[in-house]
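# the following block contains a protein sequence and its predicted model.
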Amino acid sequence: MNEERDRFLTEAMGWCWHDFDPDKHVNTYSLEAYVCNKCKGFILGNNDFSVVEDFSRLLDRVKNQEHLQEFLASFNERDFADIEKGLSSREDFANQLYLFLKTRPV
Ligand SMILES: [Zn+2]
């Protein structure tokens, strides 16, 4: 997990990069959850865009942004779900999106 990248992308997509104390979890049903100091929500942790679930939320968000369509078009979406190439494709996408957004003039 690349925390600096994931934090940047989380905030760039308008989500909360949760601030929580990993030693203070609350049990909700069978899940260990935390309370975020910033958004006050019950959370399970921060985004890790190498993980499929977090990645698909990122991809959905990118698809809905007009200015990212050209960036998105340079990737083959099928690679993200590929058994062999999936993880490295998702990492590559997240890394490049990070660089793209970081160097893009606002
Ligand atoms: Zn939060």
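That came through, no problem.

# and for the lengthiest strand in the chain, what's in contact with it?
Ranked by residue count under DSSP state E, the longest strand found in the chain is strand 31-35. Residues outside strand 31-35 that contact it (C-beta atoms under 8 Å, 6 or more residues apart in numbering): 18, 20-22, 24-27, 41-45. C-betas here are computed from N, CA, C, even on glycine.

# same deal with stretch 97-106?
Defining contact as C-beta under 8 Å, 6+ apart, one finds that stretch 97-106 is touched by R5, F8, L9, A12, L58, V62, L68, F71.

# tell me which residues of it come out buried.
Under the neighbour-count criterion of 16 or more other C-beta atoms under 10 Å, stretch 97-106 has L97, Y98, L101 buried.

# pLDDT score for the last one?
The predicted local distance difference test score for L101 is 96.

# mind checking how far it is from N27?
36 Å (C-beta to C-beta, to the nearest Å).

# hang on, the earlier thing: and which of the contacts of stretch 97-106 is nearest S88?
Proximity of those to S88 (C-beta to C-beta) peaks at R5, which lies at 14.8 Å.

# element containing that closest one, please.
helix 3-12 (DSSP states H and E).

# can you get me a residue count around the residue nearest to Y34 when sequence neighbours are not counted?
When the adjacent residues along the chain are set aside, Y34 lies closest to F20, with 3.9 Å between them (C-beta to C-beta, 6 or more residues apart in numbering). When neighbours are defined as other C-beta atoms under 10 Å, F20 has 18 of them.
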